[in-house]
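Participant: need coordinates for the following:
(3 chains)
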Amino acid sequence: MAEQLVIPAPGDFSFPECLAYLMRSADECMFRVEDGVVTRALEVEGEPVIFGMSDHPDGVAVRFLDGYRPAGQTGMDKVAGYVRDWLDLDRDLRPFYELGEGDPILREAVREHRGLRVVGIPDLFETFVWAILGQQITVAFAYVLKKRFVETFGTAVEAGGRTYWIFPEASKVAGLEPGVLRELKITGRKSEYIIGTARLIADGELTKEGLLELRDDKLIQKELTDIRGIGPWTANYLLMRCLRSPDAYPAADVGLHNALKLAAGMDRKPTLPEVETFAEPWTGWRAYATFYLWRLLH
DNA sequence: GTCCAGGACTCGC
DNA sequence: GCGAGTCATGGA
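Facilitator: Purely as a prediction, here's the structure:
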């Protein structure tokens, strides 16, 4: 696996911090982490590509597995773009750190995890499924459900004695009956939500580009919450992880509440109004604040 | 057994 | 518009 490309990163980027986040579950099925290298498969121009990314003095090193490298420059650029999106490499975090250093609640998380980026989920359908699965259950169980889902409907790429998974296309899920997902222990409602969004995406009614064109977070949130199964938490989660809003704020998030309790030294979880009030000074960076606060829980 | 997890829907008022 | 009940599984 010869070195193929180095993706330059701006200052305030720490690969190890992003890696620590990526390693939070042994049940993660979309990539594997070994010896500091994150390896995954991706479909690029109709062909499976497998690449590993690791730390590099100038940013992120990307190496391709022999036999699974992009055919041409366009494919190479797509992988580079994917990594830039995945790790949010095009963002200048200086304003956030300026904010965080002066904030009593954020200070510790910001100092402890400097260089961490909001790790994204570039694929819209994948984010929908992940967000819906994550509603109201433990993250650990959500990982188990995602693994079952991917291993049932996704595409396996066997290479180098290992199996890599490509997330299923929305069109493959759009025609399923909810009962099929129920067998995986996904609740009936979530099964309907997943199939419903799969249909919207497969039909082209719902696209990442179309959502991004709305520009405004509030408009996007409205568009998303009009979809059955997508409430405020899920909409903001999508904004944060896929649409890359630095300001999305999943205020109802239980993990956020626990982190705020910890960071603010409270003896109880904050109420929803308190959660909103805490975040007022973070306006513009509430997604980053949330992501950093989450890290306090690990 | 009870409660809680990275919520959202439905219903009654 | 708001509160309470329901959904469903798994771990503490």
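
Participant: wait, A:Y249 sits on A:N236?
Facilitator: Yes: A:Y249 lies in contact with A:N236 (CB atoms under 8 Å); the separation is 5.7 Å. Quick note: C-beta positions are derived from backbone N, CA and C, even for glycine.

Participant: A:F64 versus A:A159, what's the distance?
Facilitator: Going from A:A159 to A:F64 by CB to CB, to the nearest Å gives 11 Å.

Participant: list residues touching both of the two?
Facilitator: A:I50 (CB atoms under 8 Å, 6 or more residues apart in numbering).

Participant: these two: which has the busier surroundings?
Facilitator: A:F64 (20 against 16; other CB atoms under 10 Å).

Participant: next one, pLDDT for that one please.
Facilitator: Looking at A:F64, its pLDDT stands at 97.

Participant: list the contacts of the residue lying closest to A:H257 once chain neighbours are set aside.
Facilitator: Nearest residue to A:H257, sequence neighbours excluded (CB to CB, 6 or more residues apart in numbering): A:K269, at 4.5 Å. Contact analysis of A:K269 by CB under 8 Å, 6+ apart lists A:H257, A:N258, A:L260, A:K261.

Participant: over to A:F149?
Facilitator: A:V129, A:L133, A:P168, A:L181, A:L184, A:I186.

Participant: if we can go back for a sec, out of the contacts of A:K269, who has the most neighbours?
Facilitator: A:L260 (22 neighbours).

Participant: mind listing what it touches?
Facilitator: By CB under 8 Å, 6+ apart, the contact set of A:L260 is A:I105, A:M266, A:K269, A:P270, A:E274, A:V275, A:F278, A:L293.

Participant: host element of it?
Facilitator: Using DSSP states H and E, A:L260 sits within helix A:254-263.

Participant: just checking that helix against DNA strand B, any contact.
Facilitator: Yes: Helix A:254-263 comes into contact with DNA strand B (CB under 7 Å from any atom of the strand), by way of A:V254, A:G255, A:N258.

Participant: got these as a markdown table, with pLDDT columns?
Facilitator: As requested, those are arranged in a markdown table below (pLDDT from 0 to 100):
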| residue | pLDDT |
| --- | --- |
| A:V254 | 96 |
| A:G255 | 97 |
| A:N258 | 96 |
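
Participant: in TSV: the residues you listed, plus distance to A:A140.
Facilitator: As requested, the residues of helix A:254-263 next to DNA strand B are exported to TSV (distance: CB to CB, whole Å):
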residue	distance to A:A140
A:V254	13
A:G255	12
A:N258	15
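
Participant: can you map out the strands along chain A?
Facilitator: Along chain A, the segments classed as strands by DSSP state E run A:3-8, A:32-34, A:37-44, A:47-56, A:59-64, A:155-159, A:162-166.

Participant: now those in CSV, with distance to A:V118?
Facilitator: Formatted as CSV, the strands of chain A follow (distance: least, CB to CB, whole Å):
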stretch, distance to A:V118
strand A:3-8, 17
strand A:32-34, 18
strand A:37-44, 16
strand A:47-56, 17
strand A:59-64, 16
strand A:155-159, 27
strand A:162-166, 23
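
Participant: and of those strands, who's closest to DNA strand B?
Facilitator: Nearest of the strands of chain A to DNA strand B, taken as CB to the nearest atom of the strand: strand A:32-34 at 15.4 Å.

Participant: so who does the closest residue to DNA strand B within chain A touch?
Facilitator: Minimum separation of chain A from DNA strand B (CB to the nearest atom of the strand) falls at A:G231, amounting to 2.4 Å. Applying CB under 8 Å, 6+ apart, one finds that A:G231 lies in contact with A:T225, A:A252.

Participant: residue numbers of the stretch 51-200 of chain A in contact with DNA strand B?
Facilitator: Near DNA strand B, when you scan the stretch 51-200 of chain A using CB under 7 Å from any atom of the strand, you find A:W130, A:A131, A:G134, A:Q135, A:Q136, A:I137, A:T138, A:V139, A:A140, A:F141, A:A142, A:R189.

Participant: doesn't A:T234 make contact with the second one?
Facilitator: By that I understand A:A131. Yes: if you go by CB under 8 Å, A:A131 and A:T234 touch, sitting 4.7 Å apart.

Participant: count of neighbours near A:T234?
Facilitator: The local packing of A:T234 (other CB under 10 Å) involves 24 other residues.

Participant: if anything else comes up later, I'll come back, but that's it for now.
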